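# Any chance you could fold what I've pasted below:
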Amino acid sequence: MAIERNGTPTGTMVERHKLVCATGDTNHNKYWTVDLYDSGDVHIDFGRIGVTSSKGVHRGVGKSFMEKKLKEKKKGKTNKKTGDREPYTEIDAIDSDMGANVSANSTKNLGKANIKSIAKDQIKHTSPETAKLIEFLADVNRHTISDATGGKMTWNVSKGLFQTPLGIVAPSSVSEARTLLIDIADEVAKRSWTKRQFKQNVERFMTIIPQNVGMRWTFESVFPDLQSVQKQNAILDALDASYVSATATPVKGKAKTAKAPKVFETKLKLIENPRVTKRIKDKFRATANRNHYDANRMKLVQAWSVDIEMMTKNFVAVGKKLNNVNEYWHGTNATNVLSILKVGLVIPPASSPHCTGRMWGDGLYFAPSSTK
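Modelled structure (predicted):
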């Protein structure tokens, strides 16, 4: 059945599949998307991820035709130079623009919530200053990730979330990608880009986290140093947050507003007692280390008390009973604060891409100095 180039399918889309082929040695970074319509039309979109796109429609061919094409793509063609097959792999993703199921086994649809509105709704607060702080934390997270990704991720203004060129990937893919990054980071630290397992890990990463790498990519160009690994980790953080926003459940009724999943169980309160604020400011100045040039010029303006339900509950049940409770400082980037408000302080493995070193092994690190 001949394809109608740039044709428009008729009817309603009932099924979608997205496949990716990423091979570093042969410079492939291709996608292939197929949509089945209730009219029997099959729409195909293929090209180089984020760079080129060709579209067409096979009229009235039905599901059996689509399944045949899927099977062919997953089997892959044999590369004449290498003799190896180059199969496409189906990815698990959702479309941010259409709210459509893009995976055969997925039932997730998009709601209208975004991470900023979820944070403002669910983080308990009473002051306008706190509302502005929450907005700032959501925005600074977005802008920093936009800069870090260098265009590899797209910011969807209407939805208020990040997406790959092929949509928002599922949490299972993000989790797998984090594991792959740990092994990738080990080899990048050694400046070793030729091992077979390393190449397979990178190709798998590029498959499940599709991104625009231009017309040419190599294993070293995608992961030239540990900073690039950390940027990829930032991409995964963004996609994690976007999936939470995207899968908010629409509420039935005339309003059709989105009911977001419970993400934050946190109270954020502006400290308005001048005596308490003065004590914190005095301690901040008194414990500053003048040798920390990047931080000792900071001035404490306002302070908030944070009550993360899960952390508070665990502290009361265990930590408080141990006595010897002290106050220490813990510094972090503004981009991490929203994540901390969501899940509290966590202890990722020391081998995680964003960990820069731990003198005494895994744990949460605090300091008596406010500028550490």
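# any idea how far Lys372 is from Asn291?
10 Å (Cβ to Cβ, to the nearest Å). Heads up, the C-betas are built off the backbone N, CA and C, glycines and all.
# what does Gln211 give?
Noted for Gln211: a distance of 35 Å to Lys372, by Cβ to Cβ.
# Which one of the two is surrounded by more residues?
Shown here are Gln211 and Lys372; by other Cβ atoms under 10 Å, Gln211 has more neighbours (23 against 16).
# Report the secondary structure element holding that one.
Assigned by DSSP states H and E, Gln211 belongs to no helix or strand.
# Tell me the spacing between it and Thr164.
Separation of Gln211 from Thr164 (Cβ to Cβ): 6 Å.
# for this structure, which spans come out with low pLDDT?
By pLDDT under 70, the weakly predicted segments of the chain are 1, 96-115, 141-161, 241-242, 244-261, 292-296, 335, 346-363.
# Tell me how this structure divides into domains.
Split into domains by automatic domain parsing, the chain comes to 4-90, 109-325.
# so which of those gets nearest Leu345?
Among the domains of the chain, the nearest to Leu345 by Cβ to Cβ is domain 109-325 (7.2 Å).
# Figure out how far that closest one is from the centre of its chain.
Here domain 109-325 is found 8 Å from its chain centre; the criterion is Cα atoms, centre = their mean, to the nearest Å.
# And stretch 66-85, by the same measure?
From the chain centre to the centre of stretch 66-85 is a distance of 30 Å (Cα atoms, centre = their mean).
# three-state assignment of Arg16?
Here Arg16 is strand, with the state taken from DSSP: H, G, I helix; E, B strand; the rest coil.
# Which of the domains of the chain sits closest to Val343?
That would be, of those and by Cβ to Cβ, domain 109-325, which comes in at 7.7 Å.
# picking up where we left off before, quick one: closest of the domains of the chain to Tyr365.
Evaluated with Cβ to Cβ, the domains of the chain place domain 109-325 nearest to Tyr365, the distance being 15.1 Å.
# Which of the three states applies to Glu272?
Glu272 ends up coil, using three-state DSSP.
# Count the neighbours of the closest residue in space to it that isn't next to it in sequence for me.
Nearest residue to Glu272, sequence neighbours excluded (Cβ to Cβ, 6 or more residues apart in numbering): Ser127, at 7.9 Å. Using other Cβ under 10 Å, Ser127 has 13 neighbouring residues.
# Then the one 4 residues further on?
The tally of other residues near Ala131 (other Cβ under 10 Å) stands at 15.
# Roughly how far does it sit from Lys269?
When Ala131 is compared with Lys269 (using Cβ to Cβ), they lie 12 Å apart.
# Likewise for Lys190?
In terms of Cβ to Cβ, Lys190 sits 47 Å off from Lys269.
# Assumed Ile340 was part of a helix.
Yes: under three-state DSSP, Ile340 sits within a helix.
# I'd like the distance between it and Thr287.
In terms of Cβ to Cβ, Ile340 sits 21 Å off from Thr287.
# again with Leu364
Leu364 is 18 Å from Thr287, by Cβ to Cβ.
# Who has more neighbours out of those two?
Taking other Cβ under 10 Å, Leu364 and Thr287 do not tie; Thr287 has more neighbours (16 against 10).
# so which strand or helix has the closest residue to that one other than its chain neighbours?
Spatially, and ignoring its direct neighbours in sequence, Thr287 is nearest to Ser370 (4.6 Å; Cβ to Cβ, 6+ apart). Using DSSP H and E, Ser370 maps to neither a helix nor a strand.
# and Ser370, what is it in contact with?
Counting by Cβ atoms under 8 Å, 6 or more residues apart in numbering, Ser370 touches 283-285, 287-288, 295, 329.
# would you list the residues you listed in a markdown table and tack on distance to Lys55 and secondary structure?
Output for the contacts of Ser370, formatted as a markdown table (distance: Cβ to Cβ, whole Å; DSSP: H, G, I helix; E, B strand; the rest coil):
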| residue | distance to Lys55 | secondary structure |
| --- | --- | --- |
| Lys283 | 62 | helix |
| Phe284 | 58 | helix |
| Arg285 | 62 | helix |
| Thr287 | 61 | coil |
| Ala288 | 59 | coil |
| Ala295 | 52 | coil |
| Trp329 | 55 | strand |
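# Could I get the contacting residues of Leu180?
201-202, 204-205.
# Only the buried subset of those, as a PyMOL command please.
Selecting only the buried entries of the contacts of Leu180 in PyMOL, with 16 or more other Cβ atoms under 10 Å as the criterion:
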select buried, resi 201+202+204+205
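# for the contacts of Leu180, which one is nearest Asn27?
Among the contacts of Leu180, and counting by Cβ to Cβ, the member closest to Asn27 is Val202, at 13.1 Å.
# Point me to the helix or strand that includes that closest one.
Applying DSSP H and E, one finds Val202 within helix 196-208.
# and that helix, what does it pack onto?
strand 13-23, helix 171-189, helix 219-222 (3 or more Cβ pairs under 8 Å, 6 or more residues apart in numbering; DSSP states H and E).
# ok, back up a step: please identify which of Lys190 and Lys269 sits among more neighbours.
Under the criterion of other Cβ under 10 Å, the comparison of Lys190 against Lys269 puts Lys269 first, with 15 against 10.
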